[in-house]
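**Q** need a structure here:
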Amino acid sequence: MVLQIVVASGKGGTGKTTISSSLIFLFNSNKFNVIGVDADVEAPDLIIAMGHGILRAKEALSESRIAVIDYEKCTYCMQCLEVCQFKAIKNRDGRPLIIRELCEGCGTCGIICPVRAINYEKIKTGDILEFETKYGIIISGRLELGRRNSGLLVDLLRERVKKYIKSDEKSVVIIDAAPGIGCPVISSLIGVDYTIIVIEPTRSSLNSANRLLELTRHFRIPVGIIINKYNINEEFIIEIEKWAENNALDILGYVPYDKSIPEAYSNMAPLIEYRPRSKASEALKEIYFHLLSVLRERNIIE
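**A** Numbers count the residues shown, from 1 in each chain. You can find the predicted model right below:
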């Protein structure tokens with residue numbers, strides 16, 4: 001059995017990584033073979049929430065490309081500048097100049113060039129890092145500064161998971177997605193069994209969660225929600241619950257605002273290990289068992 005769960009949020013700061021790290025800890029404590037994937041490749045921090053670990057492998061990836069102009073062939077017609085939708089080509093003293101930080105390597109300028117003066121060179125996309133922790137393997141991606149291939153990097157992270165799947169054990173993959181609904185989130189959602197949307201009791205969080213829900217529906221993924229920091233605005237909880245009911249979503253549980261959460265993070269330790277009797281830890285334990293119950297009811301696990 002291989003169970004893949006994505007923990008996502010429509011916006012940043014909802015506590016997504018706290019939920020992800022807690023689920024990794026709890027599944028590991030209950031004898032599952034757990035692999036964590038930090039798919040927030042622009043700001044990875046899952047390994048910090050897990051208390052760090054031993055770096056077992058690091059691989060640099062050069063899957064991105066940028067345009068390069070051969071000025072010996074170039075006729076300075078500026079057609080490439082006109083078609084570049086990313087504004088990555090500028091007119092510098094009458095000749096086209098590639099702005100490397102903006103170039104997506106899409107190929108449009110090479111196609112339009114009448115004298116084939118534009119080629120492409122590969123550049124570094126980012127790194128894949130594999131950590132061994134006492135709670136399981138954590139696979140993390142780190143996108144190179146200024147690069148745009150975040151979805152591709154997440155695809156490669158998920159491909160790397162396969163070498164840690166054990167056929168004779170129950171394996172669980174917890175994917176800590178990037179916030180929002182962009183390319184890395186889409187790459188995180190494809191082919192998973194269940195998505196958890198983490199919401200805080202604010203209007204902006206609910207609105208962004210609704211956009212994320214539309215994306216999960218496109219992939220036909222069952223969804224549950226966790227309301228984090230519920231006690232900072234309890235009046236708004238009723239509206240979130242109505243939204244969940246109208247959309248037939250599983251309400252997995254409620255986590256209170258708890259000072260032990262930032263304390264655990266700053267001490268680089270999983271919350272439930274750091275403060276096992278805190279209100280947040282107790283809530284997360286209840287959520288874990290409720291999640292298992294929901295997965296069984298939906299026939300996702302036995």
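
**Q** What distance do you get for the closest residue to Phe32 other than its chain neighbours to Ile48?
**A** With sequence-adjacent residues excluded and distances taken as C-beta to C-beta, 6 or more residues apart in numbering, Phe32 is closest to Val172, at 4.7 Å. In short, each C-beta sits where N, CA and C put it, glycine included. Relative to Ile48, Val172 is positioned 21 Å away (C-beta to C-beta, to the nearest Å).

**Q** Compare these two (neighbour count), which wins?
**A** Regarding Val172 and Ile48, a neighbour count based on other C-beta atoms under 10 Å identifies Val172 as having more, with 24 against 15.

**Q** Direction included, what does the helix or strand containing the more buried one pair up with?
**A** For Val172, the element it lies in under DSSP states H and E is strand 171-176. Strand partners for strand 171-176, identified by DSSP bridges, are recorded as strand 2-8 (parallel), strand 33-38 (parallel).

**Q** which residues touch the last one?
**A** Read that as strand 33-38. By C-beta atoms under 8 Å, 6 or more residues apart in numbering, the surrounding residues in contact with strand 33-38 are 20-21, 24, 27-28, 44-47, 50, 135-141, 157-158, 161, 164-166, 169-176, 188.

**Q** Type out the ChimeraX command that picks the buried ones from those residues.
**A** The following ChimeraX line selects those of these that are buried, judged by 16 or more other C-beta atoms under 10 Å:
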select :20,21,24,27,28,44,46,47,50,135,136,137,138,139,140,141,157,158,161,164,170,171,172,173,174,175,176,188
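
**Q** Ends of stretch 177-196, what's the gap?
**A** Between the opening and closing residues of stretch 177-196 there is a gap of 10 Å (C-alpha to C-alpha, to the nearest Å).

**Q** Go through that stretch and flag the buried ones.
**A** Of the residues in stretch 177-196, 177-181, 183-189, 192-196 count as buried by neighbour count, 16+ other C-beta under 10 Å.

**Q** quick one, phi/psi of the most centrally placed residue in the chain?
**A** The central residue of the chain, meaning the one whose C-alpha is nearest the mean C-alpha position (C-alpha atoms, centre = their mean), is Ala177 at 2.0 Å. With angles defined as degrees, to the nearest 10, Ala177 shows backbone torsions of phi -80, psi 160.

**Q** Over to Lys16?
**A** Listed backbone geometry of Lys16 is phi -60, psi -50, with angles given as degrees, to the nearest 10.
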